[in-house]
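Undergrad: Using only what follows, build the 3D model:
(one chain, ligands or ions: 1)
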Amino acid sequence: MAKVRLTTNFPGFFLDLGMGITINRGDSWIEAPDTIELQQAIDNGYVELQKEKQEAVEKIKDGNEVWVFAEQRNNKIPQIVFELLGKAKELAKKLNVNVGAILLCEKDNNLSKELIEYEADNVYLAENPLLKNYKTDFYTKIIADLIKKESPSIVIYGATHIGRDLAPRIAQRITTGLTADCTGLDIDNDGLLLQTRPAFGGNIMAQIKCPDHKPQMSTVRPGVMKIAEKDGSRKGNIIKVETEISEKDSLTKIIKIVKENKLIANLEKANIIVSGGRGLGTKENFKMIEELARLLKAEVGASRAVVDAGWMSKDHQVGQTGKTVRPKLYIACGISGAIQHRAGMQNSEMIVAINKDPNAMIFNIADYGIVGDLHKIIPLLIEELKK
Ligand code: FAD
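TA: A predicted model of the protein is given here:
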């Protein structure tokens, strides 16, 4: 006996499986005997077998780990990796498996230890002088080979420049799917990874699963997940990974690394953010936001409308196509609260909104709302703070 249901390929309203058993269109899984009719229906693609799926899910639960790609630059692990480890731990607990971290570097200067302190049970460590700087082809080869060998059930990457370059390459190499820019990850009742991300211009949140290919892979934007808890006494394993790479096999050559000499807004780590929107009216008026931020020792954020108008640079943009932030206090001035803006700031601990329109969407998520003209309210706040 097997559990079966009709696929959308079946043209009729019901299918006779022999021995007096029929499946009707719209039926969920039903028990069916192994008859010649059933075999023919499977061969024609008319029915789907649940048995195979259950086996795939059992295989995942059977010890396959949840992995995090532990990106590093100049021997420094960025915060996103610790955020991913926090989420990986939560997912691994639900699947009853371990957390693994993949670390590629020239030399492990205590980076593995740091990953273990932040919840990694096993660190897969590849050391090679050729891994001093990130190179897509070396990283792809090493990680793809390692995934094939160890069969993790899930691999997550930061949606950083490196993660966005690397994850699709690996997905293609090992023939699996990849959901980019996830804002939520969970495990469903079948033990599969439930990947949530904005879709259709951010107007809906889509939930995506990858049931037929392994591992299930996602990239996650910095600032979305909570950072793992550090515990200096944690113990884990460091597993050395062979690196069969040579400069002559690489398609690219690093000639020079040029660092951009620019002050980048550090919104992801800010405790307070004062953000301005189109309601400010002009670039000149935006200076009010900068002054208020300076007095509050806050970072300056902006809506996309402000960035598109050229009042602020893109690294200040908060939202779906900007940064994801979770400060203790977020002050939104003259921002309507479009879904794409909210996607980047709705996890802030406290939200204060100033808007002249009492029906502005930002008030739906604000803890405190001030309905009024910001040209009057912000100068008053500045005056008070100066006192
Ligand atoms: P508006 O929507 O024009 O709102 C201005 C607000 O100011 C209004 O609510 C108004 O009542 C108020 N106001 C006007 N004058 C005053 C005054 N004197 N005093 C007080 N209040 C006043 N947007 C983002 O912010 N971040 C993103 O990452 C982002 N990504 C996007 C991705 C896609 C694919 C798409 C389609 C859109 C994206 N957007 C993003 C754009 C988003 O849809 C909105 O258009 C944008 O957020 C609007 O910016 P705003 O709130 O500053 O402007």
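
Undergrad: Tell me the secondary structure of the closest residue to the ligand within the stretch 1-150 of the chain, please.
TA: Per Cβ to the nearest ligand atom, Ile80 is where the stretch 1-150 of the chain lies closest to the ligand, at 17.9 Å. Using the backbone N, CA and C atoms, a C-beta is placed for each residue, glycine as well. Using DSSP: H, G, I helix; E, B strand; the rest coil, the structure places Ile80 in helix.

Undergrad: Retrieve the pLDDT associated with it.
TA: With respect to pLDDT, Ile80 scores 94.

Undergrad: The ligand versus the closest residue to it other than its chain neighbours, what's the distance?
TA: Among residues not flanking Ile80 along the chain, Gly158 sits closest, at 3.7 Å (Cβ to Cβ, 6 or more residues apart in numbering). In this view, Gly158 and the ligand are 18 Å apart by Cβ to the nearest ligand atom, to the nearest Å.

Undergrad: Next SSE downstream of the host helix or strand of Ala332?
TA: Applying DSSP states H and E as the criterion places Ala332 in strand 329-333. Downstream of strand 329-333, the first helix or strand assigned by DSSP H and E is helix 339-345.

Undergrad: Not counting its own residues, what contacts that following helix?
TA: 183, 198, 201-203, 273, 275, 277, 301, 303-304, 318-326, 330, 332, 335, 351, 361-362, 365 (Cβ atoms under 8 Å, 6 or more residues apart in numbering).

Undergrad: let's go with 6 Å and repeat that
TA: Residues outside helix 339-345 that contact it (Cβ atoms under 6 Å, 6 or more residues apart in numbering) are Pro198, Gly202, Ser303, Val318, Gly319, Gln320, Gly322, Thr324, Val325, Tyr330.

Undergrad: Rounded mean pLDDT for it, please.
TA: 92.

Undergrad: Show me where the stretch 1-150 of the chain has its helices.
TA: Secondary structure of the stretch 1-150 of the chain, counting by DSSP state H, counting those that start in this stretch: helices at 36-43, 50-61, 79-95, 111-117, 136-150.

Undergrad: what about Gly26, neighbour count?
TA: 9 (other Cβ atoms under 10 Å).

Undergrad: let's number from 56 now, not from 1
TA: Okay, using 56 as the starting number, the last item reads as Gly81.

Undergrad: near the ligand, which residues of the stretch 256-405 of the chain show up?
TA: 256-257, 332-334, 358-361, 372-377, 389-391, 393, 395-396, 399 (Cβ under 6 Å from any ligand atom).

Undergrad: and the direction of the strand or helix carrying Arg349 versus that of strand 384-388, what angle?
TA: Per DSSP H and E, Arg349 falls inside helix 342-350. Relative orientation of helix 342-350 and strand 384-388, computed by axes from the mean of the first three to the mean of the last three Cα atoms, to 10 degrees: 160 degrees.

Undergrad: moving C-terminal of helix 342-350, what's the next helix or strand?
TA: That would be, after helix 342-350 and using DSSP H and E, strand 354-357.

Undergrad: Render the CA-only coordinates of that next one in PDB, please.
TA: Output of strand 354-357 as PDB, limited to C-alpha atoms (Å, rounded to 0.1, in the frame of the first residue of the first chain):
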ATOM      1  CA  GLU A 354      22.400  57.400  13.000                       C
ATOM      2  CA  VAL A 355      20.500  59.000  10.100                       C
ATOM      3  CA  GLY A 356      18.100  56.800   8.100                       C
ATOM      4  CA  ALA A 357      16.100  57.600   5.000                       C
END
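
Undergrad: What average pLDDT does that strand get?
TA: Rounded mean pLDDT across strand 354-357 is 96.

Undergrad: now what about that strand, what contacts it?
TA: 320, 322, 325, 328, 330-331, 344-345, 348, 367, 371-373.

Undergrad: Check those for the minimum pLDDT and say which it is.
TA: Within the contacts of strand 354-357, lowest confidence goes to Ala320 (77).

Undergrad: For that one, list the residues it contacts.
TA: Per Cβ under 6 Å, 6+ apart, neighbours of Ala320: Glu354, Asp370, His371.

Undergrad: that older thread, among the helices of the stretch 56-205 of the chain, which is nearest Leu233?
TA: helix 191-205 (12.5 Å; Cβ to Cβ).

Undergrad: what pLDDT, on average, does the next helix or strand after the closest one get?
TA: With elements assigned by DSSP H and E, the helix or strand that comes after helix 191-205 is strand 209-213. Averaged over strand 209-213, pLDDT sits at 97.

Undergrad: and strand 209-213, what other elements does it pack with?
TA: strand 121-124, strand 271-275 (3 or more Cβ pairs under 6 Å, 6 or more residues apart in numbering; DSSP states H and E).

Undergrad: and the residue sitting nearest the centre point of the chain, what are its bridge partners?
TA: The centre of the chain sits closest to Val275, judged by Cα atoms, centre = their mean, with a distance of 1.5 Å. Counting by DSSP bridges, Val275 forms beta bridges with Gly213, Cys237.

Undergrad: My read is that it contacts Asp236, right?
TA: No. Between Val275 and Asp236 there is no contact under Cβ atoms under 6 Å: 7.7 Å.

Undergrad: list residues touching both of these two?
TA: Ala214.

Undergrad: For Cys265, give me its contacts.
TA: Going by Cβ under 6 Å, 6+ apart, the list of residues near Cys265 reads Gly232, Gln271.

Undergrad: re earlier: what number of residues lie near the residue nearest to Ile135?
TA: Neighbours of Gly213 using other Cβ under 10 Å come to 26.

Undergrad: if I read this right, it contacts Pro133, doesn't it?
TA: No. Applying Cβ under 6 Å as the test, Gly213 and Pro133 come out as separate, 7.1 Å apart.

Undergrad: Can you classify Ala408 as helix, strand or coil?
TA: Strictly by three-state DSSP, Ala408 counts as strand.

Undergrad: With Ile263 as the reference, measure out to it.
TA: 32 Å (Cβ to Cβ, to the nearest Å).

Undergrad: returning to that earlier point: you'd agree the residue of the stretch 56-205 of the chain closest to the ligand is up against Tyr212?
TA: No. Ile135 is beyond contact range of Tyr212, at 9.1 Å (criterion: Cβ under 6 Å).
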